[in-house]
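1. sharing a model that was predicted from the sequence below.
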Amino acid sequence: MSRVRTVLAMRAREGCAERFEAEWRSAAEEIRTLDGCLHQDLVRDADDPRSYLIISDWADRETLDAFGRSEHRDRLLRIIRELRESAERHTYQVLHSVGGDPGEDR
């Protein structure tokens, strides 16, 4: 089994971006405690403040898919679905990762 990364492209409804971000943070706090969830990021398009990527790393595809089919997921993401106008998801197998220079200040 190998680590997987999901990338969800979402566009918030007009006037809902701030609430979308707050609701994502709330859901992410709970999701991060789940077995297999390794990391999550919410990033916003620098040129379109209503466009976001939700990037998450999972220990393996099976764990991710189990979460994706769960009632837990449906409950956590119900409000986010109401605040978005579109969404597209892709799942990738992580082949290699290269970190930054260990001596570099971040």
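-> Great, that's in hand.
2. what's in contact with the helix or strand encompassing residue 22?
-> Assigned by DSSP states H and E, residue 22 falls within helix 17-31. The contact list for helix 17-31 (CB atoms under 8 Å, 6 or more residues apart in numbering) reads 10, 12-13, 37, 40, 42, 44, 49-50, 52, 54, 56, 67, 76-77, 79-80, 83-84. No exception for glycine: its C-beta is placed from N, CA and C like everyone else's.
3. now with 6 Å?
-> By CB atoms under 6 Å, 6 or more residues apart in numbering, the residues outside helix 17-31 that reach it are 12, 37, 40, 42, 49, 50, 76, 79, 80, 83.
4. just stretch 34-46 next, same as before
-> Under CB under 6 Å, 6+ apart, the answer for stretch 34-46 is 24, 28, 31, 51-59, 63.
5. reformat the contacts of helix 17-31 as JSON lines; add neighbour count and pLDDT.
-> Putting the contacts of helix 17-31 into JSON lines (neighbours: other CB atoms under 10 Å; pLDDT from 0 to 100) gives the following:
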{"residue": "12", "neighbour count": "22", "pLDDT": "97"}
{"residue": "37", "neighbour count": "18", "pLDDT": "96"}
{"residue": "40", "neighbour count": "18", "pLDDT": "96"}
{"residue": "42", "neighbour count": "16", "pLDDT": "97"}
{"residue": "49", "neighbour count": "11", "pLDDT": "96"}
{"residue": "50", "neighbour count": "17", "pLDDT": "97"}
{"residue": "76", "neighbour count": "20", "pLDDT": "83"}
{"residue": "79", "neighbour count": "15", "pLDDT": "89"}
{"residue": "80", "neighbour count": "20", "pLDDT": "90"}
{"residue": "83", "neighbour count": "19", "pLDDT": "94"}
